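Asker: predicted model and sequence below, questions to follow.
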Amino acid sequence: MAITIKDIARLANVSITTVSKVINNKDDSISEQTKNKILQIIKETNYQPNAIARSLVTKKTKTIGLIIPDITNPFFPEIARGAEDCANIYGYNIFLCNTDDNAEKENNYIAVLREKCVDGIIFTSSSIPKYEHIIDLIDSGIPVVMIDRSIEPKLKNIYGVFLDNYKGGYLATKYLIELGHRNIACITGPLYTKSAIERLNGYKKALSDFNIEINNSMIIEGDFKINSGMVAAEKIIENKDVTGIFACNDLMAYGVYKTLKKKGYRIPDDISIVGFDDIQLSQILEPQLTTIKQPSYDMGLTATRVLIKLIEGEKVRKKVVEFEPSLIERKSVREYHNNI
């Protein structure tokens, strides 16, 4: 038969209230001798406090919701791992929700997490045009931390952990330019997301800084998935002058690889490619993919640490934490010497 809090109180010869205070860290008025006695009995009997009953006392469930758009994209499991590792350190558990970038699923998951009385939510929004559900969530008093995709200026003063995507797009394009490439195509992410827009703007800025005309026909919108990279590459190679491609995430770069190899192109001899994210598979491709690194694990860990501080009423020094991108040079880019 399972040990109850009543049994612990009887064995320690104290009240149930006293045991409850020790379990829930509200034991300032209890002597160290009594506290240690109760803790020793809990250890010896392997007593497991009832989570629901405990939450009624502490007003916390020690749970966090993590909402991400695409669990099949290896970038997001890295975020989830960082979030989980941080949560475990602080004694929290995570509910993982995958929206498939679907606004209805996102709304449903928010409702479910609220019903579960999670203490806070970390999420990458599907970036739909309307944000009433997020405003309602914040107004309800549930701590929220955005990750990866910012939704400003739609919502001001929201806590978030992001990458400097503009700088990442700039670094990728500048690298190709400095190796002699002038006809550089860009496969963007979905342009309803701020991260995709910023990467595209970084690409445009690099071209502008090197006095290279922006050719809109060389900018193809994708959706951050492999198939869109394949489709975009089909369009790009119609322009025989293209020598470099900046794919705004690694999955779309994989799609480019697939199309180019199918069409008989050699990477990087015929066309150079730079990706974005530096997910682990990028080191296994042949040739290995040059890419912009996002520290996804650290982003997940940081977002969780910020959220737990908010949940526990601690002061958070910065509302927005922005990580710096870095260029990872591998084998998918070569110098181009034949430009005029």
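Answerer: Perfect, I can see it now.
Asker: strands along this protein, start to end?
Answerer: Using DSSP state E, the strands of the chain run over residues 63-68, 93-98, 120-123, 144-147, 159-163, 184-188, 219-221, 244-247, 272-277, 290-293, 320-323, 326-328.
Asker: could those strands go into JSON lines alongside distance to Asp7 and mean pLDDT?
Answerer: For glycine as for every other residue, the C-beta is placed from the backbone atoms N, C-alpha and C. Below are those laid out as JSON lines (distance: least, C-beta to C-beta, whole Å; pLDDT from 0 to 100):
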{"stretch": "strand 63-68", "distance to Asp7": "27", "mean pLDDT": "95"}
{"stretch": "strand 93-98", "distance to Asp7": "26", "mean pLDDT": "94"}
{"stretch": "strand 120-123", "distance to Asp7": "33", "mean pLDDT": "92"}
{"stretch": "strand 144-147", "distance to Asp7": "40", "mean pLDDT": "92"}
{"stretch": "strand 159-163", "distance to Asp7": "42", "mean pLDDT": "93"}
{"stretch": "strand 184-188", "distance to Asp7": "62", "mean pLDDT": "98"}
{"stretch": "strand 219-221", "distance to Asp7": "63", "mean pLDDT": "97"}
{"stretch": "strand 244-247", "distance to Asp7": "61", "mean pLDDT": "98"}
{"stretch": "strand 272-277", "distance to Asp7": "53", "mean pLDDT": "97"}
{"stretch": "strand 290-293", "distance to Asp7": "54", "mean pLDDT": "98"}
{"stretch": "strand 320-323", "distance to Asp7": "46", "mean pLDDT": "93"}
{"stretch": "strand 326-328", "distance to Asp7": "56", "mean pLDDT": "97"}
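Asker: now render those as JSON lines, adding mean neighbour count.
Answerer: Output for those, formatted as JSON lines (neighbours: other C-beta atoms under 10 Å):
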{"stretch": "strand 63-68", "mean neighbour count": "24"}
{"stretch": "strand 93-98", "mean neighbour count": "16"}
{"stretch": "strand 120-123", "mean neighbour count": "25"}
{"stretch": "strand 144-147", "mean neighbour count": "24"}
{"stretch": "strand 159-163", "mean neighbour count": "23"}
{"stretch": "strand 184-188", "mean neighbour count": "27"}
{"stretch": "strand 219-221", "mean neighbour count": "18"}
{"stretch": "strand 244-247", "mean neighbour count": "30"}
{"stretch": "strand 272-277", "mean neighbour count": "29"}
{"stretch": "strand 290-293", "mean neighbour count": "25"}
{"stretch": "strand 320-323", "mean neighbour count": "16"}
{"stretch": "strand 326-328", "mean neighbour count": "15"}
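Asker: pretty sure Leu207 contacts Met218?
Answerer: No: with contact defined as C-beta atoms under 8 Å, Leu207 does not count as touching Met218 (9.8 Å).
Asker: shared neighbours of these two, anything?
Answerer: Listed as contacting both Leu207 and Met218 by C-beta atoms under 8 Å, 6 or more residues apart in numbering are Ile184.
Asker: how much space between Thr290 and Tyr297?
Answerer: Distance, Thr290 to Tyr297, by C-beta to C-beta, to the nearest Å: 21 Å.
Asker: how far away is Glu178 from Met299?
Answerer: 28 Å.
Asker: neighbour count: the two, which is higher?
Answerer: Counted by other C-beta atoms under 10 Å, Glu178 and Met299 do not tie: Met299 has more neighbours, with 22 against 11.
Asker: was I right about the more buried one contacting Arg81?
Answerer: No: contact status for Met299 versus Arg81: not in contact, 10.9 Å apart, counting by C-beta under 8 Å.
Asker: pull up the overlap in contacts between those two.
Answerer: Residues touching both Met299 and Arg81 (C-beta under 8 Å, 6+ apart): none.
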